[in-house]
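>>> output the structure for:
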Amino acid sequence: MRVNAYRFRDTWLLSAPVRSVYDAVVDLAAYPRWWPDVIEVSRVDEDTAELVCRAALPYALTIRMRRAEEDPRTGRMRVHLTGDLEGSLAATAVPLPGATRLEITQQVIATKPLLRLLSPVARPVFRANHAVMMRRGRRGLAAHLSAAGARRRTA
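Residues are numbered from 1 along each chain as shown. Coordinates of the predicted model:
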């Protein structure tokens, strides 16, 4: 395995219906409203968005996400990644009694020169940075979904 290749698996348990989770995750433009590490999202075309992300470490990543699969019936979504990270990200929203399990898998190669240079020694730090970002994303999405559910109940 290349030293700048990474595979991440995350599972988010969310107290919201599967369709609400799915709709929030495929709405990339809304990420900065609930995910503190997603600084900016720009639409490139109908199937592509560019995200600028920054977690705990003092660098930002610019990543283009191009839609490869979106299937609300199965809860599956997948995007191709280019830019500072190249590879793919797939997620599946799985219904549970009163909740949703969001299973996320990323397979990427770090192409940003700084990451490529430092990967041989900083790999554990980069993995920890990713974990921080994903933890904040889960918390932000949970709060976003909770607030959206409360608005629907009072409307």
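>>> for the helix or strand of the chain with the lowest mean pLDDT, name the packing helices and strands.
Taking mean pLDDT, DSSP states H and E as the measure, the helix or strand of the chain with the lowest value is helix 113-154, at a mean of 90. Based on contacts counted as 3 or more CB pairs under 8 Å, 6 or more residues apart in numbering; DSSP states H and E, the elements that helix 113-154 packs against are strand 5-14, helix 18-26, helix 31-34, strand 99-110. Backbone N, C-alpha and C define where each C-beta goes, glycine included.
>>> so for the shortest one, mean pLDDT?
Pointing back at helix 31-34 there. Throughout helix 31-34, pLDDT has a mean value of 98.
>>> against which helices or strands is it packed?
Applying 3+ CB pairs under 8 Å, 6+ apart, one finds that helix 31-34 makes contact with strand 38-45, helix 113-154.
>>> would you mark the buried spots in that helix?
When neighbours are counted by 16 or more other CB atoms under 10 Å, the buried residues of helix 31-34 are found to be 31-32, 34.
>>> switch the helices and strands packed on helix 113-154 over to JSON lines; also include distance to Pro124.
Listed next are the helices and strands packed on helix 113-154 as JSON lines, based on distance: least, CB to CB, whole Å:
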{"stretch": "strand 5-14", "distance to Pro124": "11"}
{"stretch": "helix 18-26", "distance to Pro124": "28"}
{"stretch": "helix 31-34", "distance to Pro124": "26"}
{"stretch": "strand 99-110", "distance to Pro124": "14"}
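>>> for the ones you listed, which one sits closest to Cys53?
Minimum separation from Cys53 across the helices and strands packed on helix 113-154 (CB to CB) falls at helix 31-34, 9.0 Å.
>>> distance check, the closest residue to Tyr6 other than its chain neighbours against Met65.
Sequence neighbours aside, Val108 is the residue nearest to Tyr6 in space, at 5.3 Å (criterion: CB to CB, 6 or more residues apart in numbering). Distance, Val108 to Met65, using CB to CB, to the nearest Å: 12 Å.
>>> need the overlap of contacts for the two.
Overlap between the neighbourhoods of Val108 and Met65 consists of 81, 89, taking contacts as CB atoms under 8 Å, 6 or more residues apart in numbering.
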